[in-house]
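[1] My questions concern the predicted model and sequence given below.
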Amino acid sequence: PRGAAAERPSRFEMTPAARTALEKAMAGAERSDQAAAAKVDRHGLPAELRMDDYGEDHDDALWESELNEEDAAAAASRMEEAIGEMSDSDNEDAAGAASGKNAEEDPEDDDDDEDDENGNDEDDDDKAMQEQLDNILNEDEEDEDDLGSDEEDLEVRETDRLIVVAHTDEECSNLEVYLYDSEEGNMYVHHDIALPAFPLSTAWIGAGPEVFGDRVTTQSRNYVGVGTFKPEIEIWNLDILDAFEPTLVLGEEGSADAHTDAVLSIAWNPHHPSLLASASADKTVKVWDLSTGKCALTFTHHTDKVQAVQWNPVETSVLLSGSFDKSIAVFDANAPGTAAVKLSLPADVESCIWNPHAPQQVLASTEDGTVTCYDVRNVSAGPLFSFAAHPRKPCSSISISPVVRGLMATCSPDKTVKIWDLEAEGGPACVGERQMQAGSLFDVKFDVNEPFMLATGGDQGELAVWDLSSEANIAKVFKARAEGVAEAEAVAPPAAPVEVEAETAAASAPKSAKKSKSKKAGKN
(Lines give C-alpha, C1' and ligand atoms only; values in the text may rest on other atoms or scores of the structure.)
Protein backbone atom coordinates (compact mmCIF):
# COMPACT_ATOMS: atom_id res chain seq x y z
CA PRO A 1 0.00 0.00 0.00
CA ARG A 2 0.95 3.64 -0.47
CA GLY A 3 3.53 4.89 2.03
CA ALA A 4 4.41 1.47 3.47
CA ALA A 5 7.89 1.24 1.93
CA ALA A 6 10.88 3.12 3.34
CA GLU A 7 11.83 6.16 1.25
CA ARG A 8 15.49 5.15 1.37
CA PRO A 9 15.83 1.38 1.93
CA SER A 10 18.77 0.13 4.02
CA ARG A 11 21.55 -1.88 2.43
CA PHE A 12 21.91 -4.49 5.20
CA GLU A 13 20.29 -5.61 8.41
CA MET A 14 22.04 -7.88 10.90
CA THR A 15 20.19 -9.15 13.95
CA PRO A 16 22.04 -9.60 17.26
CA ALA A 17 21.94 -13.38 16.80
CA ALA A 18 23.42 -13.14 13.31
CA ARG A 19 26.14 -10.76 14.51
CA THR A 20 27.10 -13.17 17.32
CA ALA A 21 27.21 -16.09 14.88
CA LEU A 22 29.41 -14.10 12.50
CA GLU A 23 31.82 -13.12 15.27
CA LYS A 24 32.08 -16.75 16.40
CA ALA A 25 32.76 -17.89 12.84
CA MET A 26 35.47 -15.25 12.36
CA ALA A 27 37.14 -16.21 15.66
CA GLY A 28 37.05 -19.88 14.70
CA ALA A 29 38.60 -19.15 11.31
CA GLU A 30 41.39 -17.16 12.97
CA ARG A 31 42.16 -20.02 15.36
CA SER A 32 42.24 -22.47 12.45
CA ASP A 33 44.71 -20.25 10.58
CA GLN A 34 46.96 -20.00 13.63
CA ALA A 35 46.91 -23.75 14.15
CA ALA A 36 47.72 -24.38 10.50
CA ALA A 37 50.61 -21.88 10.61
CA ALA A 38 52.11 -23.67 13.63
CA LYS A 39 52.36 -26.92 11.70
CA VAL A 40 54.65 -25.69 8.87
CA ASP A 41 58.20 -24.33 8.66
CA ARG A 42 59.13 -20.93 7.31
CA HIS A 43 58.88 -22.21 3.73
CA GLY A 44 55.33 -23.52 4.20
CA LEU A 45 56.42 -27.19 4.14
CA PRO A 46 54.33 -29.38 6.46
CA ALA A 47 56.40 -31.01 9.17
CA GLU A 48 55.02 -34.48 8.42
CA LEU A 49 56.50 -34.38 4.90
CA ARG A 50 60.12 -33.98 6.12
CA MET A 51 62.52 -36.91 5.97
CA ASP A 52 64.33 -37.96 9.14
CA ASP A 53 67.65 -36.43 8.06
CA TYR A 54 66.06 -33.13 7.07
CA GLY A 55 66.18 -30.34 9.63
CA GLU A 56 66.29 -26.57 10.02
CA ASP A 57 70.15 -26.54 10.13
CA HIS A 58 70.37 -28.37 6.84
CA ASP A 59 67.73 -26.03 5.40
CA ASP A 60 69.69 -22.91 6.43
CA ALA A 61 72.98 -24.21 5.01
CA LEU A 62 71.36 -25.12 1.70
CA TRP A 63 69.65 -21.71 1.51
CA GLU A 64 72.98 -19.84 2.09
CA SER A 65 74.88 -21.93 -0.50
CA GLU A 66 72.22 -21.23 -3.12
CA LEU A 67 72.47 -17.52 -2.37
CA ASN A 68 76.31 -17.57 -2.71
CA GLU A 69 76.08 -19.30 -6.12
CA GLU A 70 73.48 -16.81 -7.32
CA ASP A 71 75.56 -13.84 -6.11
CA ALA A 72 78.68 -15.08 -7.93
CA ALA A 73 76.79 -15.61 -11.18
CA ALA A 74 75.18 -12.17 -10.94
CA ALA A 75 78.54 -10.47 -10.30
CA ALA A 76 80.12 -12.14 -13.36
CA SER A 77 77.21 -11.08 -15.51
CA ARG A 78 77.44 -7.46 -14.36
CA MET A 79 81.24 -7.40 -15.11
CA GLU A 80 80.67 -8.57 -18.69
CA GLU A 81 77.99 -5.91 -19.22
CA ALA A 82 80.32 -3.16 -17.91
CA ILE A 83 83.16 -4.19 -20.26
CA GLY A 84 80.76 -4.18 -23.18
CA GLU A 85 79.45 -0.71 -22.34
CA MET A 86 83.02 0.68 -22.16
CA SER A 87 83.76 -0.69 -25.63
CA ASP A 88 80.63 0.84 -27.10
CA SER A 89 81.46 4.21 -25.50
CA ASP A 90 84.99 4.25 -27.01
CA ASN A 91 83.60 3.56 -30.46
CA GLU A 92 81.06 6.36 -30.20
CA ASP A 93 83.75 8.89 -29.09
CA ALA A 94 85.90 8.05 -32.09
CA ALA A 95 83.00 8.49 -34.47
CA GLY A 96 82.12 11.85 -32.88
CA ALA A 97 85.64 13.20 -33.28
CA ALA A 98 85.74 12.31 -36.95
CA SER A 99 82.43 13.98 -37.56
CA GLY A 100 83.62 17.18 -35.79
CA LYS A 101 86.50 17.57 -38.18
CA ASN A 102 84.29 17.47 -41.29
CA ALA A 103 81.59 19.84 -40.07
CA GLU A 104 81.86 23.30 -38.55
CA GLU A 105 79.09 24.23 -36.13
CA ASP A 106 78.38 27.24 -33.95
CA PRO A 107 78.32 26.20 -30.26
CA GLU A 108 75.66 28.80 -29.58
CA ASP A 109 73.38 27.22 -32.19
CA ASP A 110 73.82 23.88 -30.44
CA ASP A 111 72.78 25.48 -27.17
CA ASP A 112 69.69 27.05 -28.80
CA ASP A 113 68.68 23.75 -30.36
CA GLU A 114 69.10 22.00 -27.06
CA ASP A 115 66.96 24.65 -25.30
CA ASP A 116 64.23 24.29 -27.97
CA GLU A 117 64.19 20.54 -27.58
CA ASN A 118 64.02 20.81 -23.80
CA GLY A 119 61.23 23.40 -24.06
CA ASN A 120 59.22 21.20 -26.42
CA ASP A 121 59.70 18.24 -24.13
CA GLU A 122 58.49 20.26 -21.16
CA ASP A 123 55.45 21.48 -23.12
CA ASP A 124 54.63 17.92 -24.15
CA ASP A 125 54.97 16.76 -20.55
CA ASP A 126 52.69 19.57 -19.35
CA LYS A 127 50.06 18.70 -21.98
CA ALA A 128 50.20 15.01 -21.13
CA MET A 129 49.88 15.75 -17.43
CA GLN A 130 46.93 18.08 -18.05
CA GLU A 131 45.22 15.44 -20.21
CA GLN A 132 45.64 12.85 -17.48
CA LEU A 133 44.29 15.27 -14.90
CA ASP A 134 41.29 16.08 -17.12
CA ASN A 135 40.62 12.36 -17.63
CA ILE A 136 40.71 11.72 -13.88
CA LEU A 137 38.34 14.62 -13.21
CA ASN A 138 35.97 13.43 -15.94
CA GLU A 139 35.98 9.92 -14.52
CA ASP A 140 35.22 11.29 -11.05
CA GLU A 141 32.33 13.33 -12.45
CA GLU A 142 30.99 10.28 -14.29
CA ASP A 143 31.28 8.17 -11.13
CA GLU A 144 29.43 10.86 -9.16
CA ASP A 145 26.72 11.00 -11.85
CA ASP A 146 26.38 7.20 -11.79
CA LEU A 147 26.25 7.17 -7.99
CA GLY A 148 23.62 9.91 -7.98
CA SER A 149 21.62 8.03 -10.61
CA ASP A 150 21.81 4.79 -8.58
CA GLU A 151 20.67 6.54 -5.41
CA GLU A 152 17.80 8.13 -7.29
CA ASP A 153 16.75 4.72 -8.66
CA LEU A 154 16.74 3.25 -5.15
CA GLU A 155 14.63 6.04 -3.68
CA VAL A 156 10.97 5.12 -3.20
CA ARG A 157 8.57 8.04 -3.51
CA GLU A 158 5.09 8.01 -2.05
CA THR A 159 3.58 7.90 -5.55
CA ASP A 160 5.68 4.84 -6.54
CA ARG A 161 4.28 1.34 -6.45
CA LEU A 162 6.22 -1.73 -5.26
CA ILE A 163 5.11 -5.00 -6.83
CA VAL A 164 6.48 -8.24 -5.39
CA VAL A 165 6.96 -10.93 -8.01
CA ALA A 166 7.86 -14.58 -7.35
CA HIS A 167 10.26 -15.70 -10.06
CA THR A 168 11.94 -18.99 -10.84
CA ASP A 169 14.02 -20.52 -13.60
CA GLU A 170 16.19 -23.61 -14.05
CA GLU A 171 19.03 -22.12 -12.01
CA CYS A 172 17.47 -20.26 -9.09
CA SER A 173 14.34 -18.87 -7.44
CA ASN A 174 13.93 -15.38 -6.05
CA LEU A 175 11.59 -12.52 -5.23
CA GLU A 176 11.87 -9.55 -7.55
CA VAL A 177 10.69 -6.26 -6.07
CA TYR A 178 9.57 -4.06 -8.97
CA LEU A 179 9.21 -0.30 -8.66
CA TYR A 180 6.49 1.13 -10.88
CA ASP A 181 6.49 4.89 -11.45
CA SER A 182 2.94 5.62 -12.57
CA GLU A 183 3.75 9.27 -13.36
CA GLU A 184 6.54 8.41 -15.81
CA GLY A 185 5.27 4.98 -16.80
CA ASN A 186 8.64 3.38 -15.87
CA MET A 187 9.05 -0.01 -14.24
CA TYR A 188 12.24 -1.80 -13.18
CA VAL A 189 13.52 -4.31 -10.62
CA HIS A 190 14.37 -2.27 -7.53
CA HIS A 191 16.04 -5.21 -5.74
CA ASP A 192 15.64 -8.95 -5.38
CA ILE A 193 15.75 -11.64 -2.69
CA ALA A 194 17.20 -15.11 -3.23
CA LEU A 195 14.94 -18.00 -2.16
CA PRO A 196 15.87 -21.57 -1.21
CA ALA A 197 13.08 -23.23 -3.20
CA PHE A 198 10.41 -22.80 -5.89
CA PRO A 199 8.00 -20.04 -4.66
CA LEU A 200 4.28 -20.77 -4.65
CA SER A 201 2.64 -18.00 -2.62
CA THR A 202 3.30 -14.55 -1.20
CA ALA A 203 1.55 -12.14 1.15
CA TRP A 204 2.41 -8.59 2.21
CA ILE A 205 2.85 -8.13 5.98
CA GLY A 206 2.52 -4.67 7.52
CA ALA A 207 3.69 -5.59 11.01
CA GLY A 208 6.68 -3.97 12.74
CA PRO A 209 8.92 -4.18 15.82
CA GLU A 210 5.90 -4.55 18.12
CA VAL A 211 5.37 -7.99 16.51
CA PHE A 212 8.86 -9.14 15.51
CA GLY A 213 10.60 -7.86 18.66
CA ASP A 214 14.38 -8.21 18.82
CA ARG A 215 14.45 -10.12 15.55
CA VAL A 216 14.52 -6.74 13.77
CA THR A 217 16.78 -3.71 14.11
CA THR A 218 14.76 -1.20 12.05
CA GLN A 219 11.33 0.41 12.31
CA SER A 220 10.27 -1.10 8.97
CA ARG A 221 6.64 -2.14 8.51
CA ASN A 222 7.14 -3.55 5.03
CA TYR A 223 7.57 -7.33 4.99
CA VAL A 224 6.59 -10.20 2.72
CA GLY A 225 5.80 -13.79 3.58
CA VAL A 226 6.78 -16.52 1.11
CA GLY A 227 5.52 -20.07 0.80
CA THR A 228 7.50 -22.56 -1.31
CA PHE A 229 7.67 -26.25 -2.14
CA LYS A 230 9.35 -26.60 1.24
CA PRO A 231 7.09 -26.70 4.32
CA GLU A 232 8.65 -23.57 5.88
CA ILE A 233 7.32 -20.01 5.55
CA GLU A 234 9.93 -17.27 5.29
CA ILE A 235 9.34 -13.63 6.30
CA TRP A 236 11.58 -11.08 4.52
CA ASN A 237 12.07 -7.35 5.07
CA LEU A 238 11.33 -5.53 1.80
CA ASP A 239 13.16 -2.40 3.04
CA ILE A 240 16.52 -4.24 3.08
CA LEU A 241 18.29 -4.29 -0.28
CA ASP A 242 20.84 -7.04 0.41
CA ALA A 243 19.23 -9.19 3.09
CA PHE A 244 21.44 -12.00 4.42
CA GLU A 245 18.61 -14.08 5.83
CA PRO A 246 14.85 -13.95 6.45
CA THR A 247 13.62 -12.05 9.48
CA LEU A 248 11.67 -15.09 10.60
CA VAL A 249 11.12 -18.70 9.50
CA LEU A 250 7.84 -20.33 10.51
CA GLY A 251 7.58 -24.10 10.86
CA GLU A 252 11.13 -25.10 10.06
CA GLU A 253 11.26 -28.55 8.51
CA GLY A 254 11.16 -31.25 11.16
CA SER A 255 9.60 -29.12 13.89
CA ALA A 256 6.47 -30.44 15.58
CA ASP A 257 4.17 -27.66 14.38
CA ALA A 258 5.45 -27.45 10.79
CA HIS A 259 3.55 -28.23 7.63
CA THR A 260 4.59 -31.52 6.06
CA ASP A 261 4.23 -30.45 2.43
CA ALA A 262 4.36 -27.38 0.16
CA VAL A 263 2.77 -24.10 1.32
CA LEU A 264 0.27 -23.12 -1.40
CA SER A 265 -1.22 -19.95 0.11
CA ILE A 266 -0.60 -17.50 2.97
CA ALA A 267 -2.59 -14.52 4.28
CA TRP A 268 -1.71 -11.85 6.86
CA ASN A 269 -4.40 -10.43 9.16
CA PRO A 270 -4.14 -6.59 9.12
CA HIS A 271 -6.51 -6.29 12.09
CA HIS A 272 -4.44 -8.67 14.23
CA PRO A 273 -0.89 -7.99 12.99
CA SER A 274 0.69 -10.96 14.73
CA LEU A 275 -1.50 -13.52 12.92
CA LEU A 276 -0.67 -15.24 9.63
CA ALA A 277 -2.69 -18.06 8.05
CA SER A 278 -1.26 -20.70 5.73
CA ALA A 279 -2.73 -23.38 3.50
CA SER A 280 -0.76 -26.44 2.46
CA ALA A 281 -0.66 -29.48 0.23
CA ASP A 282 -0.71 -31.49 3.50
CA LYS A 283 -4.52 -30.78 3.61
CA THR A 284 -4.31 -28.44 6.60
CA VAL A 285 -4.76 -24.74 7.37
CA LYS A 286 -2.55 -23.29 10.10
CA VAL A 287 -2.65 -20.01 12.02
CA TRP A 288 0.76 -18.69 13.13
CA ASP A 289 1.73 -16.23 15.84
CA LEU A 290 4.43 -14.00 14.32
CA SER A 291 5.47 -12.68 17.73
CA THR A 292 6.52 -16.15 18.93
CA GLY A 293 7.12 -17.83 15.58
CA LYS A 294 4.90 -20.73 16.66
CA CYS A 295 1.79 -22.38 15.23
CA ALA A 296 -1.27 -21.40 17.26
CA LEU A 297 -3.99 -23.45 15.51
CA THR A 298 -4.30 -26.25 12.94
CA PHE A 299 -7.51 -26.99 10.99
CA THR A 300 -8.13 -30.29 9.19
CA HIS A 301 -11.59 -29.88 7.63
CA HIS A 302 -10.39 -30.49 4.01
CA THR A 303 -9.70 -33.90 2.51
CA ASP A 304 -7.28 -32.81 -0.21
CA LYS A 305 -4.64 -30.13 -0.83
CA VAL A 306 -5.67 -26.67 0.37
CA GLN A 307 -5.07 -24.19 -2.42
CA ALA A 308 -6.14 -20.84 -0.92
CA VAL A 309 -6.82 -19.08 2.40
CA GLN A 310 -8.11 -15.55 3.20
CA TRP A 311 -9.14 -13.55 6.29
CA ASN A 312 -12.51 -11.80 6.29
CA PRO A 313 -12.04 -7.99 6.07
CA VAL A 314 -14.73 -7.26 8.72
CA GLU A 315 -15.20 -10.39 10.86
CA THR A 316 -11.49 -10.42 11.55
CA SER A 317 -11.21 -13.91 13.06
CA VAL A 318 -13.13 -15.63 10.26
CA LEU A 319 -11.23 -17.51 7.54
CA LEU A 320 -12.07 -18.77 4.06
CA SER A 321 -10.23 -21.71 2.51
CA GLY A 322 -10.48 -23.49 -0.83
CA SER A 323 -9.34 -27.01 -1.63
CA PHE A 324 -8.78 -29.57 -4.38
CA ASP A 325 -11.60 -31.54 -2.71
CA LYS A 326 -13.96 -29.29 -4.75
CA SER A 327 -15.12 -27.23 -1.79
CA ILE A 328 -14.60 -23.95 0.02
CA ALA A 329 -14.93 -23.67 3.80
CA VAL A 330 -15.74 -20.82 6.18
CA PHE A 331 -14.62 -21.17 9.82
CA ASP A 332 -13.83 -19.07 12.89
CA ALA A 333 -10.28 -19.14 14.29
CA ASN A 334 -11.72 -18.04 17.65
CA ALA A 335 -13.86 -21.21 17.75
CA PRO A 336 -11.53 -24.00 16.64
CA GLY A 337 -13.88 -26.66 17.95
CA THR A 338 -16.77 -25.51 15.73
CA ALA A 339 -17.30 -27.34 12.43
CA ALA A 340 -16.50 -25.40 9.29
CA VAL A 341 -19.28 -24.47 6.86
CA LYS A 342 -18.37 -26.23 3.60
CA LEU A 343 -19.74 -25.29 0.18
CA SER A 344 -19.51 -27.56 -2.84
CA LEU A 345 -18.11 -26.39 -6.18
CA PRO A 346 -18.11 -27.94 -9.67
CA ALA A 347 -14.33 -28.53 -9.81
CA ASP A 348 -11.07 -28.18 -7.88
CA VAL A 349 -10.54 -24.71 -6.43
CA GLU A 350 -7.92 -22.45 -8.01
CA SER A 351 -8.52 -19.34 -5.85
CA CYS A 352 -11.08 -17.89 -3.43
CA ILE A 353 -11.61 -14.42 -1.94
CA TRP A 354 -14.02 -12.32 0.14
CA ASN A 355 -15.83 -9.44 -1.54
CA PRO A 356 -14.36 -6.35 0.21
CA HIS A 357 -17.52 -4.33 -0.54
CA ALA A 358 -19.91 -7.08 0.63
CA PRO A 359 -17.92 -9.08 3.18
CA GLN A 360 -20.65 -11.68 3.58
CA GLN A 361 -19.94 -12.86 0.02
CA VAL A 362 -17.29 -15.40 -0.98
CA LEU A 363 -16.14 -15.94 -4.55
CA ALA A 364 -14.18 -18.92 -5.86
CA SER A 365 -12.69 -19.79 -9.23
CA THR A 366 -12.24 -23.39 -10.29
CA GLU A 367 -10.30 -25.59 -12.67
CA ASP A 368 -13.12 -25.66 -15.20
CA GLY A 369 -12.99 -21.85 -15.66
CA THR A 370 -16.07 -21.13 -13.52
CA VAL A 371 -16.51 -18.32 -10.96
CA THR A 372 -19.07 -18.99 -8.22
CA CYS A 373 -20.35 -16.63 -5.49
CA TYR A 374 -22.10 -17.56 -2.21
CA ASP A 375 -23.66 -15.49 0.56
CA VAL A 376 -22.39 -17.23 3.71
CA ARG A 377 -25.42 -15.98 5.69
CA ASN A 378 -27.74 -18.13 3.55
CA VAL A 379 -25.76 -20.96 1.99
CA SER A 380 -28.84 -23.21 1.79
CA ALA A 381 -30.22 -20.91 -0.91
CA GLY A 382 -27.42 -21.93 -3.23
CA PRO A 383 -24.95 -19.67 -5.06
CA LEU A 384 -25.83 -16.06 -5.85
CA PHE A 385 -24.35 -16.58 -9.30
CA SER A 386 -22.06 -18.87 -11.22
CA PHE A 387 -20.66 -18.23 -14.71
CA ALA A 388 -17.95 -19.49 -17.07
CA ALA A 389 -15.29 -16.80 -16.91
CA HIS A 390 -12.73 -18.67 -19.03
CA PRO A 391 -14.37 -21.57 -20.90
CA ARG A 392 -12.22 -24.68 -21.46
CA LYS A 393 -9.37 -23.33 -19.30
CA PRO A 394 -8.88 -22.95 -15.53
CA CYS A 395 -9.65 -19.58 -13.98
CA SER A 396 -6.37 -19.37 -12.10
CA SER A 397 -7.05 -16.19 -10.08
CA ILE A 398 -9.68 -13.59 -9.24
CA SER A 399 -9.32 -10.15 -7.66
CA ILE A 400 -11.85 -7.48 -6.68
CA SER A 401 -10.74 -3.86 -6.53
CA PRO A 402 -10.76 -2.71 -2.89
CA VAL A 403 -11.38 0.83 -4.15
CA VAL A 404 -14.10 0.50 -6.82
CA ARG A 405 -17.26 -1.42 -6.01
CA GLY A 406 -18.13 -4.30 -8.34
CA LEU A 407 -14.87 -4.19 -10.34
CA MET A 408 -13.46 -7.72 -10.66
CA ALA A 409 -10.59 -9.15 -12.72
CA THR A 410 -9.95 -12.79 -13.64
CA CYS A 411 -6.99 -14.42 -15.37
CA SER A 412 -6.29 -17.77 -16.91
CA PRO A 413 -3.75 -19.96 -18.71
CA ASP A 414 -5.61 -18.82 -21.85
CA LYS A 415 -3.29 -15.76 -21.54
CA THR A 416 -6.07 -13.22 -20.97
CA VAL A 417 -7.23 -10.93 -18.18
CA LYS A 418 -10.96 -10.22 -18.19
CA ILE A 419 -12.72 -7.34 -16.43
CA TRP A 420 -16.18 -7.93 -14.94
CA ASP A 421 -18.94 -5.72 -13.55
CA LEU A 422 -20.45 -7.68 -10.68
CA GLU A 423 -23.29 -5.16 -10.31
CA ALA A 424 -24.51 -5.23 -13.90
CA GLU A 425 -28.20 -5.83 -14.48
CA GLY A 426 -28.86 -9.50 -15.03
CA GLY A 427 -25.67 -10.62 -13.30
CA PRO A 428 -21.90 -10.26 -13.81
CA ALA A 429 -20.95 -8.94 -17.27
CA CYS A 430 -17.59 -8.88 -19.02
CA VAL A 431 -16.75 -5.28 -19.93
CA GLY A 432 -13.23 -5.77 -21.29
CA GLU A 433 -10.37 -8.20 -21.79
CA ARG A 434 -6.79 -8.17 -22.95
CA GLN A 435 -4.05 -10.54 -24.03
CA MET A 436 -1.31 -9.56 -21.58
CA GLN A 437 1.65 -10.93 -23.59
CA ALA A 438 2.96 -12.70 -20.49
CA GLY A 439 2.10 -16.29 -21.40
CA SER A 440 -0.22 -18.48 -19.37
CA LEU A 441 -1.35 -16.27 -16.49
CA PHE A 442 -1.18 -17.45 -12.88
CA ASP A 443 -2.31 -14.51 -10.77
CA VAL A 444 -3.89 -11.06 -10.94
CA LYS A 445 -4.13 -8.40 -8.23
CA PHE A 446 -5.60 -4.90 -8.02
CA ASP A 447 -3.63 -2.06 -6.48
CA VAL A 448 -4.95 -1.29 -2.99
CA ASN A 449 -4.84 2.48 -3.57
CA GLU A 450 -5.25 3.19 -7.29
CA PRO A 451 -8.78 2.49 -8.58
CA PHE A 452 -7.87 1.12 -12.01
CA MET A 453 -4.39 -0.35 -11.67
CA LEU A 454 -3.77 -4.11 -11.74
CA ALA A 455 -0.78 -6.42 -12.19
CA THR A 456 -0.50 -9.95 -13.52
CA GLY A 457 2.22 -12.48 -14.30
CA GLY A 458 2.67 -15.75 -16.11
CA ASP A 459 5.00 -18.44 -17.39
CA GLN A 460 7.00 -16.21 -19.76
CA GLY A 461 8.73 -14.56 -16.80
CA GLU A 462 7.16 -11.16 -17.50
CA LEU A 463 5.28 -8.86 -15.15
CA ALA A 464 2.44 -6.99 -16.86
CA VAL A 465 0.68 -3.88 -15.51
CA TRP A 466 -2.64 -2.70 -16.93
CA ASP A 467 -4.08 0.77 -16.30
CA LEU A 468 -7.82 0.24 -16.86
CA SER A 469 -8.51 3.98 -16.98
CA SER A 470 -7.07 3.98 -20.51
CA GLU A 471 -9.88 1.69 -21.68
CA ALA A 472 -12.91 3.77 -22.69
CA ASN A 473 -15.50 1.01 -22.15
CA ILE A 474 -14.19 0.14 -18.70
CA ALA A 475 -13.82 3.76 -17.60
CA LYS A 476 -17.37 4.48 -18.75
CA VAL A 477 -18.80 1.74 -16.52
CA PHE A 478 -16.78 2.40 -13.35
CA LYS A 479 -15.87 6.10 -13.50
CA ALA A 480 -18.82 7.27 -11.43
CA ARG A 481 -18.13 4.64 -8.74
CA ALA A 482 -14.44 5.64 -8.57
CA GLU A 483 -15.36 9.34 -8.30
CA GLY A 484 -17.75 8.52 -5.46
CA VAL A 485 -14.91 6.80 -3.61
CA ALA A 486 -12.63 9.81 -4.14
CA GLU A 487 -15.28 12.19 -2.78
CA ALA A 488 -15.83 9.98 0.26
CA GLU A 489 -12.09 9.83 0.96
CA ALA A 490 -11.88 13.62 0.73
CA VAL A 491 -14.34 14.11 3.60
CA ALA A 492 -13.52 11.02 5.68
CA PRO A 493 -10.72 10.95 8.28
CA PRO A 494 -7.62 9.02 7.23
CA ALA A 495 -7.82 5.31 7.99
CA ALA A 496 -5.41 3.73 10.43
CA PRO A 497 -2.77 1.58 8.73
CA VAL A 498 -4.20 -1.63 10.16
CA GLU A 499 -7.58 -0.89 8.62
CA VAL A 500 -6.23 -1.10 5.10
CA GLU A 501 -6.54 -4.46 3.36
CA ALA A 502 -2.89 -4.55 2.44
CA GLU A 503 -1.63 -7.01 -0.11
CA THR A 504 0.91 -6.29 -2.80
CA ALA A 505 0.39 -7.57 -6.32
CA ALA A 506 2.10 -10.94 -6.31
CA ALA A 507 1.34 -14.21 -7.99
CA SER A 508 0.94 -17.86 -7.16
CA ALA A 509 1.03 -20.73 -9.60
CA PRO A 510 -2.28 -22.38 -10.51
CA LYS A 511 -3.06 -25.86 -9.33
CA SER A 512 -1.76 -27.39 -12.55
CA ALA A 513 1.69 -25.89 -11.89
CA LYS A 514 1.71 -26.80 -8.20
CA LYS A 515 1.08 -30.49 -8.78
CA SER A 516 4.57 -30.99 -10.17
CA LYS A 517 7.89 -29.49 -9.15
CA SER A 518 9.17 -30.02 -12.68
CA LYS A 519 6.74 -27.48 -14.15
CA LYS A 520 8.31 -24.04 -13.71
CA ALA A 521 6.02 -21.19 -12.85
CA GLY A 522 8.08 -18.32 -14.28
CA LYS A 523 7.18 -14.90 -12.94
CA ASN A 524 3.98 -14.79 -11.04
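    On my side now, so go ahead.
[2] alpha carbons only for contacts and neighbour counts from here, please
    OK.
[3] can you give me the helices for the protein?
    Assigned by DSSP state H, the chain shows helices spanning 16-38, 56-102, 107-154, 209-212, 472-491, 511-514.
[4] which of those helices has the lowest average pLDDT?
    Lowest mean pLDDT within these: helix 511-514, a mean of 44.
[5] Now for the closest residue to Val376 other than its chain neighbours: which residues touch it?
    Leaving out its chain neighbours, the residue that sits closest to Val376 by Cα to Cα, 6 or more residues apart in numbering is Gln360, at 5.8 Å. By Cα atoms under 8 Å, 6 or more residues apart in numbering, the contact set of Gln360 is Trp354, Asp375, Val376, Arg377.
[6] Bridging across strands, which residues link to the first one?
    It stands for Trp354. Val362 (DSSP bridges).
[7] go on, the second one?
    When bridges are called by DSSP bridges, Asp375 pairs up with Gln361.
[8] pretty sure it contacts Val362?
    Yes. The pair Asp375 / Val362 is scored as a contact, 6.6 Å apart, by Cα atoms under 8 Å.
[9] So which of the two has more stuff around it?
    Of the pair Asp375 and Val362, Val362 is the one with more neighbours under other Cα atoms under 10 Å, namely 23 against 18.
[10] my guess is Ala388 meets Gly369, correct?
    Yes. Shown here, Ala388 and Gly369 form a contact pair, counting by Cα under 8 Å, at 5.7 Å.
[11] okay, these two: which has more neighbours?
    Comparing Ala388 with Gly369 by other Cα under 10 Å, the one with more neighbours is Gly369, at 25 against 16.
[12] The more buried one against Lys393, yeah?
    Yes. Contact criterion Cα under 8 Å: Gly369 and Lys393 qualify, at 5.3 Å.
[13] okay, and the common contacts of these two?
    Ser412.
[14] ok, back up a step: can I get the buried part of the contacts of Gln360 as one PyMOL selection?
    Buried residues within the contacts of Gln360, by 16 or more other Cα atoms under 10 Å, are selected in PyMOL with:
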select buried, resi 354+375+376
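[15] Present the contacts of Gln360 as a markdown table; the columns should include distance to His259 and pLDDT.
    Converted to a markdown table, the contacts of Gln360 look like this (distance: Cα to Cα, whole Å; pLDDT from 0 to 100):
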| residue | distance to His259 | pLDDT |
| --- | --- | --- |
| Trp354 | 25 | 98 |
| Asp375 | 31 | 97 |
| Val376 | 28 | 96 |
| Arg377 | 32 | 95 |
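[16] Kindly reformat the contacts of Gln360 as JSON lines containing distance to Val177.
    Converted to JSON lines, those look like this (distance: Cα to Cα, whole Å):
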{"residue": "Trp354", "distance to Val177": "26"}
{"residue": "Asp375", "distance to Val177": "36"}
{"residue": "Val376", "distance to Val177": "36"}
{"residue": "Arg377", "distance to Val177": "39"}
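[17] Now for the contacts of Gln360: which two are most distant?
    Trp354 and Arg377 (13.2 Å; Cα to Cα).
[18] Tell me the spacing between the residue found closest to Phe446 once you drop the neighbours it is linked to in the chain and Gly337.
    Counting by Cα to Cα, 6+ apart, Leu454 is the residue found nearest to Phe446 once chain neighbours are left out, at 4.2 Å. With distances taken as Cα to Cα, to the nearest Å, Leu454 is found 39 Å from Gly337.
[19] So for those two, which sits in the more crowded spot?
    Comparing Leu454 with Gly337 by other Cα under 10 Å, the one with more neighbours is Leu454, at 20 against 10.
[20] who touches that one in this structure?
    Contacts for Leu454 (Cα under 8 Å, 6+ apart) come out as Val444, Lys445, Phe446, Asp447, Val465, Trp466, Asp467, Leu468, Ala505.
[21] ditto for Lys283
    Thr300, His302, Thr303, Asp304, Lys305, Val306.
[22] Please tell me how far Gln361 sits from Asp421.
    Separation of Gln361 from Asp421 (Cα to Cα) stands at 15 Å.
[23] now swap in Val371 and tell me
    Distance from Val371 to Asp421, by Cα to Cα: 13 Å.
[24] okay, the two: which has more neighbours?
    For Val371 versus Asp421, neighbours defined as other Cα under 10 Å are more numerous around Val371 (26 against 20).
[25] What residues are bridge-paired with that one?
    Legend: beta-bridge partners of Val371 under DSSP bridges are Ser365, Phe387.
[26] That one is in contact with Pro383, isn't it?
    No. Using Cα under 8 Å, Val371 makes no contact with Pro383, being 10.4 Å away.
[27] Does Lys326 touch Asp348 like I think?
    Yes. Assessed by Cα under 8 Å, Lys326 is found in contact with Asp348 at 4.4 Å.
[28] So between the two, which is more surrounded?
    Asp348 (25 against 20).
[29] Contact partners for the more buried one?
    Ser323, Phe324, Asp325, Lys326, Ser327, Thr366, Glu367.
[30] can you do 10 Å?
    By Cα atoms under 10 Å, 6 or more residues apart in numbering, the residues touching Asp348 are 304-307, 322-328, 364-368, 394, 511.
[31] how close does it get to Ala262?
    In terms of Cα to Cα, Asp348 sits 17 Å off from Ala262.
[32] ditto for Trp420
    32 Å.
[33] what's the answer for Ser291, then?
    Distance from Ser291 to Ala262, by Cα to Cα: 23 Å.
[34] higher neighbour count, the two?
    Using other Cα under 10 Å, the more surrounded residue of Ser291 and Ala262 is Ala262, with 23 against 17.
[35] ok so, going back, between Trp354 and Arg377, what contacts are shared?
    Joint contacts of Trp354 and Arg377 (Cα under 10 Å, 6+ apart) are Gln360, Gln361.
[36] Which one (most neighbours) among the contacts of Lys283?
    Val306 (30 neighbours).
[37] Hmm, it is touching Ile328, no?
    Yes. Between Val306 and Ile328 there is a contact under Cα atoms under 10 Å: 9.3 Å.
[38] Any stretches of the stretch 401-524 of the chain with poor pLDDT?
    483-524 (pLDDT under 70).
[39] And the strands in it?
    Counting by DSSP state E, counting those that start in this stretch, the stretch 401-524 of the chain has strands at residues 407-411, 416-421, 429-435, 441-446, 453-458, 463-467.
[40] before we move on, the earlier item: what do Asp375 and Val362 both touch?
    Pro383, Leu384.
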